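S.K.: below are the sequence and a predicted model for it; my questions follow.
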Amino acid sequence: DTGVSQDPRHKITKRGQNVTFRCDPISEHNRLYWYRQTLGQGPEFLTYFQNEAQLEKSRLLSDRFSAERPKGSFSTLEIQRTEQGDSAMYLCASSPSGASQETQYFGPGTRLLVL
Amino acid sequence: AQSVAQPEDQVNVAEGNPLTVKCTYSVSGNPYLFWYVQYPNRGLQFLLKYITGDNLVKGSYGFEAEFNKSQTSFHLKKPSALVSDSALYFCAVRVGYNNNDMRFGAGTRLTVKP
């Protein structure tokens, strides 16, 4: 399967714990995006990388959230001191450079439940 | 603010009938518009997009969408619905030149009954 992959698919944690999610984009894509989706809503943009550079962060991304893409390939999203309001589906997407860059291809998501 | 709206939370159609899922947009400048579908426990799958050119855009699985600038709409259509089309559909608009921010609607749940 050459699509976007995410790990884990599900995560249950207690409030106050730290969690880390991983995203592997489509191999030739240099742009990578993180979104958050809560029940009954569409995805909301969190942050964006071009290669290893994090070029934009949404105001939704509080100080407890940090994302990295150290080698310009896979990315990690860490949430520190989780809160119940962090419970959501975290989606990763990637897109190629060039004329087709407008299309973002999404992974299956990581569903987080904070107890 | 740059946004899209999906006025219907739910659309029900009978198998074999035409379906329409509505989307309206509000952006400054020329919009880049997208439709995605989400099946249970799966990520969003790209269906089609409008960037420029012909107002009628054809996409995956027999879906098409018509860009209407005067009505600021981008409704998703299919001539003959299948039960397997039942899913959550999202309209989205690209904001910003470098596609670094995509705004999604709240989604419309399509149910196709046999």
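M.R.: Arrived safely, thanks for sending.

S.K.: output the below-cut-off pLDDT ranges for the chain.
M.R.: Using chain A. A:1, A:98-101 (pLDDT under 70).

S.K.: the intended chain is chain B.
M.R.: B:1, B:96-100.

S.K.: can you give me the strands in it?
M.R.: Using DSSP state E, the strands of chain B run over residues B:3-5, B:10-14, B:19-21, B:24-26, B:32-38, B:44-50, B:56-58, B:64-68, B:73-78, B:87-95, B:101-104, B:108-113.

S.K.: what packs against the fifth one?
M.R.: What that stands for is strand B:32-38. strand B:44-50, strand B:64-68, strand B:73-78, strand B:87-95 (3 or more Cβ pairs under 8 Å, 6 or more residues apart in numbering or on different chains; DSSP states H and E). Quick note: C-beta positions are derived from backbone N, CA and C, even for glycine.

S.K.: wait, does stretch A:22-40 contact chain B?
M.R.: Yes: under the criterion of Cβ under 8 Å from any Cβ of the partner chain, chain B is reached by stretch A:22-40 at A:31, A:33, A:40.

S.K.: how about the residues of chain B near chain A?
M.R.: Going by Cβ under 8 Å from any Cβ, the residues of chain B near chain A are B:32, B:34, B:36, B:41-46, B:49, B:51, B:90, B:92, B:94, B:98-107.

S.K.: give me the buried entries from those residues.
M.R.: Buried subset of those (neighbour count, 16 or more other Cβ atoms under 10 Å in any protein chain shown): B:32, B:34, B:36, B:43-46, B:49, B:51, B:90, B:92, B:94, B:99-100, B:102-105, B:107.

S.K.: tell me the residue of chain B that sits nearest chain A?
M.R.: Across chain B, no residue is closer to chain A than residue B:104, which sits at 3.0 Å (Cβ to the nearest Cβ).

S.K.: and stretch B:13-22, end to end?
M.R.: Length of stretch B:13-22, first residue to last, Cα to Cα, to the nearest Å: 14 Å.

S.K.: meant to ask about stretch A:62-76
M.R.: 16 Å.

S.K.: list the buried residues for it?
M.R.: A:65, A:67, A:69, A:74-75.

S.K.: the residue nearest the centre of chain A pairs with what?
M.R.: Nearest to the geometric centre of chain A sits residue A:34, at 3.2 Å (Cα atoms, centre = their mean). Going by DSSP bridges, residue A:34 is paired in beta bridges with residue A:47, residue A:92.

S.K.: which ones are touching residue A:77?
M.R.: A:20-21, A:23, A:34, A:46, A:65-67, A:90, A:92 (Cβ atoms under 8 Å, 6 or more residues apart in numbering or on different chains).

S.K.: on the three-state scheme, it is what?
M.R.: strand (DSSP: H, G, I helix; E, B strand; the rest coil).

S.K.: now it: how far from residue A:36?
M.R.: Counting by Cβ to Cβ, to the nearest Å, the separation of residue A:77 from residue A:36 is 9 Å.
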